[in-house]
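Chemist: Sequence and predicted model, in that order:
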Amino acid sequence: MLWLGVAYLGALGALFLAAFWTTNEFTGDLVKVFTLDNFRQLLQLPVYRTITARTLGVAVLVTLVDAALALPVAFFMAKVARPGLQRLLVIAVLMPLWASYLVKAYAWRGMLSQSGPLSWLGISPGYGLTGLVVTLAYLWLPYMILPVYAGLQKLPDSLLEASADLGAPALTTFRRVVLPLVFPALVAGSIFTFSLTMGDYIAVKIVGGPTQMLGNVVADNYGVANNLPFAAAYAVVPVLVMLGYLGVVRRTGALENL
Amino acid sequence: MTMSRGLRAFLVGCTAVVLTIVYVPLALVLLNSFNVSKSFAWPPSGLTLRWWQAAGHSTGARHALLVSVEVGLLATAVSLVLGTMAALALQRARFFGRNAVSLLIILPIALPGIVTGLALNNAFTSLFGLQLGFFTIVVAHATFCIVTVFNNVQARLRRMSESLEEASADLGARPFTTFRLVTFPLLRSALLAGGLLAFALSFDEIIVTTFTAGGHEQTLPIWIFQNLFRPNQTPVVNVVAAALIVLSAVPIWLAQRLSQEVEGAVSAAP
């Protein structure tokens, strides 16, 4: 308890503090003087604005793709499949979750490569933004399917039948009955897809080609440029976005679904 | 449930397509580990076992695997103890700020790994003046592993009735005896599931590890990542990746034996 409370929050706090420092241009040493320069740069330089917008855009896109794929699959698993098949499908969805993240990103490097099977079929987008969205959506898909599946299982069949009895077409039932009731589960899944996308820089390096995302800038500023304060300042952006998002979705009861 | 044939076919189709998309890339890695071509030209021109032999002799990979297993076991042990304690405290004790603490525990998995990594790196090096290495990796991994253990134990505690513990106390058992003879046996499968998940998370983690490993220690994911872009190492990396895919069936098999608990647990993974 203390570990999390003091160590983790303390570390976050210290990081936040470091965001207001700067480095000496010549020696690279930390200069522990309060300044807003890092944040000013973040807001004013177009390159960082573009990267922030791109990262948020990719996160939204990945979340939507995963939601669109997860809904029919989870619905089939929860409501249509017989118990035996259902068990099998849960395993089939879980299995890639245990497979290493790096291995899955690497698998897509092979899929998208110039001599890979997608090029052979003539449909490879190559390494870049499109390939990145595909790979990230692939990586986080189980995190979306599982909460939605759990949410749908809790939904009584009688509601769907009642809606059908009242003459609603399938699409209307989906829109007016299913969607509002699984919404918290979708939101719970989106917390993962959103947060994981925003912080990712490994998959970006593996399949993103020249694409720069927020995570790359943070990692490079820490590792290559040795500019911890700027990395810290930029890392504050996803924290604020996630805190804001958590604050908004708290009311939907999604946090209980995590 | 009654459902029109068209809708049913649509759902079956969607599920089949998604599962195909999920498994084709993994199958490709497996197949490529036998591919004669070093650049994995598709379709493969021939199959060979040479790369598997080469990987068996790669000392870098073997050493990294050992480090990963050690880190995973230690981080799991630490998080089992601390995660259980945190869950018991939150469930049994009523104290000020209890809700805030539950939210706090979600934070390490709700915030991007890069933030956790950078924050811990900064804390280790500038606050505590620690040398990055094996110890800092374990501490960092334990920080997010606690969450999975906590979630599992808490879910179990919610379903458990306090009356059993009260009965034990009424019969004169001291708190520790009650924990040993009543609470712990009821928690055992939740702890197994949480521990399994914690180990898998730790074994797989790369981002937080990159920030807390320093220059000397290499876990398996870091080794893979560093060798990924070296054309000469590609076949060996591919074999390691293929082996990891095969190995990921092990936790599934274990998980099936504790299936109910794990279904709940896995949805709480970051």
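Modeler: Good, I have the coordinates.
Chemist: Any regions of chain B where pLDDT drops low?
Modeler: B:1-3, B:38-42, B:46, B:92-103, B:106, B:255-270 (pLDDT under 70).
Chemist: Can you show me the helices along the chain?
Modeler: Just so you know, I chose chain A. A:2, A:9-18, A:37-44, A:46-75, A:83-98, A:101-112, A:117-121, A:129-154, A:157-165, A:170-173, A:179-199, A:202-207, A:214-223, A:228-249 (DSSP state H).
Chemist: not what I meant, chain B
Modeler: Counting by DSSP H, the helices of chain B are B:5-32, B:50-56, B:59-92, B:98-110, B:113-122, B:134-159, B:163-170, B:175-178, B:184-204, B:207-212, B:220-227, B:234-247, B:249-257, B:259-266.
Chemist: Just the buried positions in the second one, please.
Modeler: By neighbour count, with 16 or more other CB atoms under 10 Å in any protein chain shown as the criterion, the buried positions of helix B:50-56 are B:51-52, B:55. For every residue, glycine as well, the C-beta is placed using N, CA and C.
Chemist: just the shortest one next, same as before
Modeler: Going by neighbour count (16+ other CB under 10 Å), the buried part of helix B:175-178 is residue B:178.
Chemist: Quick check: chain neighbours aside, which residue is closest to residue B:112?
Modeler: residue A:199 (2.2 Å; CB to CB, 6 or more residues apart in numbering or on different chains).
Chemist: What about that neighbour, how many residues nearby?
Modeler: 28 (other CB atoms under 10 Å in any protein chain shown).
Chemist: Tell me how far it lies from residue B:118.
Modeler: 10 Å (CB to CB, to the nearest Å).
Chemist: and what of residue A:250?
Modeler: Distance from residue A:250 to residue B:118, counting by CB to CB: 25 Å.
Chemist: got a list of what residue A:133 touches?
Modeler: A:58, A:61-62, A:65 (CB atoms under 8 Å, 6 or more residues apart in numbering or on different chains).
Chemist: Can I get those in CSV including pLDDT?
Modeler: As requested, these are exported to CSV (pLDDT from 0 to 100):
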residue, pLDDT
A:58, 93
A:61, 94
A:62, 93
A:65, 93
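Chemist: got a winner among these for most neighbours?
Modeler: residue A:62 (28 neighbours).
Chemist: Name the residue of chain A that lies nearest to chain B.
Modeler: residue A:199 (2.2 Å; CB to the nearest CB).
Chemist: Check what pLDDT that residue gets.
Modeler: In this model, residue A:199 is scored at 83, pLDDT.
Chemist: hang on, it packs against residue A:238?
Modeler: Yes: in this structure residue A:199 lies within contact range of residue A:238 using CB atoms under 8 Å: 6.1 Å.
Chemist: Mind telling me which residue of the stretch 51-200 of chain B is nearest chain A?
Modeler: Taking CB to the nearest CB, the stretch 51-200 of chain B has residue B:112 as its residue nearest chain A, at 2.2 Å.
Chemist: tell me the contacts of that residue?
Modeler: A:195-196, A:198-200, A:215, A:238, A:242.
Chemist: Let's see that with 10 Å instead.
Modeler: Taking CB atoms under 10 Å, 6 or more residues apart in numbering or on different chains, we find residue B:112 in contact with A:59, A:194-201, A:214-215, A:218, A:235, A:238-239, A:241-242, B:118, B:207, B:270.
Chemist: What of residue A:62?
Modeler: A:132-141, A:144, A:190, A:193-194, A:196-198, A:200.
Chemist: related to what we said a few turns ago, got a markdown table for the buried residues of helix B:50-56, with distance to chain A too?
Modeler: Compiled in a markdown table, the buried residues of helix B:50-56 are given as follows (distance: CB to the nearest CB, whole Å):
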| residue | distance to chain A |
| --- | --- |
| B:51 | 14 |
| B:52 | 16 |
| B:55 | 14 |
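Chemist: and residue B:172, what are its phi and psi?
Modeler: phi 100, psi 10 (degrees, to the nearest 10).
Chemist: what about it, how many neighbours?
Modeler: Neighbours around residue B:172, by other CB under 10 Å: 7.
Chemist: Surely residue A:238 is in contact with residue A:232?
Modeler: No: contact criterion CB atoms under 10 Å: residue A:238 and residue A:232 do not qualify, at 11.8 Å.
Chemist: Spit out the residues that contact these two alike.
Modeler: Common neighbours of residue A:238 and residue A:232 (CB under 10 Å, 6+ apart) are A:218, B:115.
Chemist: just to revisit the earlier point, pull up the overlap in contacts between residue A:199 and residue A:238.
Modeler: Shared contacts of residue A:199 and residue A:238, defined by CB under 10 Å, 6+ apart, comprise A:55, A:59, A:214-215, A:218, B:111-112, B:114-115.
Chemist: which one of the residues you listed is nearest residue A:246?
Modeler: residue B:111 (9.5 Å; CB to CB).
Chemist: And the closest one, how close does it get to residue A:235?
Modeler: Where residue A:235 is concerned, residue B:111 sits at a distance of 9 Å (CB to CB).
Chemist: Those two: which is more packed in?
Modeler: residue A:235 (32 against 25).
Chemist: Might you report the residue contacts of residue A:83?
Modeler: Contacts of residue A:83 (CB under 10 Å, 6+ apart): none.
Chemist: Considering the shared contacts of residue A:199 and residue A:238, which is situated nearest to residue B:9?
Modeler: residue A:59 (32.9 Å).
Chemist: tell me the contacts of residue B:119?
Modeler: A:7-16, A:18, A:232, A:235, A:239, B:108, B:111, B:140, B:143, B:208, B:211.
Chemist: pretty sure residue A:135 contacts residue A:204?
Modeler: Yes: if you go by CB under 10 Å, residue A:135 and residue A:204 touch, sitting 9.1 Å apart.
Chemist: shared neighbours of the two, which are they?
Modeler: With CB under 10 Å, 6+ apart, residue A:135 and residue A:204 have common neighbours residue A:105.
Chemist: Any figure for the gap between residue A:72 and residue B:25?
Modeler: 21 Å.
Chemist: Compare those two (neighbour count), which wins?
Modeler: residue B:25 (26 against 20).
Chemist: Report the contact partners of that one.
Modeler: Per CB under 10 Å, 6+ apart, neighbours of residue B:25: A:96, A:99, A:103-112, A:116-118, A:135, A:138, B:245.
Chemist: Which members of these are classed as buried?
Modeler: A:96, A:99, A:103-112, A:116-118, A:135, A:138, B:245.
Chemist: before we move on, back to that, next, show the common contact partners of residue B:111 and residue A:235.
Modeler: What both residue B:111 and residue A:235 touch, as defined by CB under 10 Å, 6+ apart, is the set A:12, A:199, B:119.
Chemist: In CSV, list these along with distance to residue A:83.
Modeler: Shown next, in CSV, are the shared contacts of residue B:111 and residue A:235 (distance: CB to CB, whole Å):
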residue, distance to residue A:83
A:12, 45
A:199, 38
B:119, 45
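Chemist: Skipping adjacent residues, who's closest to residue A:145 in space?
Modeler: Here the residue nearest residue A:145, using CB to CB, 6+ apart, is residue A:70, at 4.5 Å.
Chemist: isn't that neighbour right up against residue A:188?
Modeler: No: the criterion here is CB under 10 Å, and residue A:70 misses it with residue A:188 at 11.4 Å.
Chemist: Mutual contacts of these two, please.
Modeler: Contact criterion CB under 10 Å, 6+ apart; residues shared by residue A:70 and residue A:188: A:143-144, A:146-148, A:182.
Chemist: restrict those to those near chain B?
Modeler: A:143, A:146-148 (CB under 10 Å from any CB of the partner chain).
Chemist: Select only the buried ones of those in PyMOL?
Modeler: Buried subset of those, written as a PyMOL selection, criterion 16+ other CB under 10 Å:
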select buried, chain A and resi 143+146+147+148
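Chemist: so where's chain A uncertain?
Modeler: For chain A (pLDDT under 70), the answer is A:1-7, A:22-33, A:252-258.
Chemist: just to revisit the earlier point, would you mind giving the ones next to chain B among the shared contacts of residue A:70 and residue A:188 as JSON lines with distance to residue B:186 added?
Modeler: Formatted as JSON lines, those follow (distance: CB to CB, whole Å):
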{"residue": "A:143", "distance to residue B:186": "29"}
{"residue": "A:146", "distance to residue B:186": "25"}
{"residue": "A:147", "distance to residue B:186": "26"}
{"residue": "A:148", "distance to residue B:186": "30"}
